[in-house]
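Student: Build me a structure from this.
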Amino acid sequence: MAKRKKKKLFKIRYLIVLGFIIYISSVFINQQSMLKKLNEEKNEKRKIVEQLNDQILEMEKEMQLIESPEHIEEYIERVAREELKMVKPGETIYIDKNKSNNKFIDNIGE
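Tutor: Residues are numbered from 1 along each chain as shown. Sure thing, here's the model as predicted:
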């Protein structure tokens, strides 16, 4: 009878330890997947920050062009050509219709 009690007690302890190990394993797996997800989000945010920093640098350069009197005409001409698709009087623009990524005709009519 004492052997049965010891065997029963051993089985109960074994089940408790096994349950604890399973619980710890599931918590560990959940934390690993959460950590992976957070690292991916962190990398995405870093890329966004890098892109924004690049935009800031580009805008600062543009501001310097606008603020300096000797470069203001260059800036105005660049904006007129690139964004407004304007040309100088007497200037002829040749457009290759076969080109798929033609900057000049892409944004016309918008």
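
Student: Give me the spatial nearest neighbour of residue 87, chain neighbours excluded.
Tutor: Closest residue to residue 87 in three dimensions, ignoring its sequence neighbours and counting by CB to CB, 6 or more residues apart in numbering: residue 93, at 5.7 Å. Just so you know, the C-beta spots here come from the backbone N, C-alpha and C atoms, and that holds for glycine as well.

Student: ok, that neighbour to residue 79 distance?
Tutor: Residue 93 is 17 Å from residue 79, where distance means CB to CB, to the nearest Å.

Student: quick one, which of these two is more surrounded?
Tutor: Neighbours per residue (other CB atoms under 10 Å) separate residue 93 from residue 79, with residue 79 holding more: 14 against 9.

Student: Buried residues of the helix or strand where that one lies, list them for me.
Tutor: Using DSSP states H and E, residue 79 falls within helix 72-82. For helix 72-82, the neighbour count (16 or more other CB atoms under 10 Å) marks residue 75 as buried.

Student: That helix packs against which elements?
Tutor: Helix 72-82 sits against helix 2-67, with contacts defined as 3 or more CB pairs under 8 Å, 6 or more residues apart in numbering; DSSP states H and E.

Student: what angle separates the helix it packs on from helix 72-82?
Tutor: 120 degrees (axes from the mean of the first three to the mean of the last three CA atoms, to 10 degrees).

Student: which other residues reach stretch 71-80?
Tutor: For stretch 71-80, contacts defined as CB atoms under 8 Å, 6 or more residues apart in numbering pick out 62, 64-66, 86.

Student: Just the buried ones from the residues you listed?
Tutor: With neighbours counted by 16+ other CB under 10 Å, the contacts of stretch 71-80 contain buried members at residue 65.

Student: In terms of pLDDT, where does the residue nearest to residue 87 sit?
Tutor: Note on residue 93: pLDDT of 77.

Student: and it, which of the three is it?
Tutor: Three-state assignment for residue 93 (DSSP: H, G, I helix; E, B strand; the rest coil): coil.
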